[in-house]
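K.L.:
next come a sequence and a model predicted from it.
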Amino acid sequence: MARKRKPKEAPEAELPMTPMIDVVFQLLIYFIFTIKPLDVLAHLDVFRPGPEQRTERLEVPPNLVRIGIFYDGFTVNDKPVAESQLEALIRRLAELDRKQTVLIMCSAASPHEFLVRVLNLCAKYQLTNLSVISVN
């Protein structure tokens, strides 16, 4: 009769933690460097037309008033205007129509304070339909 052999005890399996921790840190660094930050400007509120019924309206299309800001002064619809006359023109524009479209064209060489002055005047007279662009 054959004797039964006693099974050999298998050594306990070891799971080294150091390589796993290294991999976790490498993945963390990878994700930190490859994340794209959220573009705040892409999530601004946009005014869209409502789902109301389309009706034929006989509205006069809004006139576009162009205010140019340059290093040496201002223009309104391509006509040079003194800084002292600018407030009177914007006030008159607001009296005619507060929904008027105002395109502010700012030169790259113009002082920043000129743009701030024009924006403050538009806010003072409650002009809200403004667009600011940069021109060369």
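P.N.:
Perfect, thanks for sending it.
K.L.:
rest of the way, CA atoms for contacts and neighbours
P.N.:
Fine.
K.L.:
just checking, what's the longest helix in the protein?
P.N.:
When the chain is parsed with DSSP state H, its longest helix is helix 17-34.
K.L.:
spit out the contact partners of the closest residue to Asn129 other than its chain neighbours.
P.N.:
By the measure of C-alpha to C-alpha, 6 or more residues apart in numbering, the closest residue to Asn129 outside its immediate chain neighbours is Thr101, 5.1 Å from it. Neighbouring residues of Thr101 by C-alpha atoms under 8 Å, 6 or more residues apart in numbering: Pro62, Asn63, Leu64, Val65, Asn129, Leu130, Ser131.
K.L.:
now Thr75
P.N.:
Contact analysis of Thr75 by C-alpha under 8 Å, 6+ apart lists Arg66, Ile67, Gly68, Ile69, Val81.
K.L.:
tell me what it is bridged to.
P.N.:
Here Thr75 sits in beta bridges with Gly68, Pro80, as judged by DSSP bridges.
K.L.:
distance of it relative to Gln85?
P.N.:
Distance of Thr75 to Gln85, computed by C-alpha to C-alpha, to the nearest Å: 10 Å.
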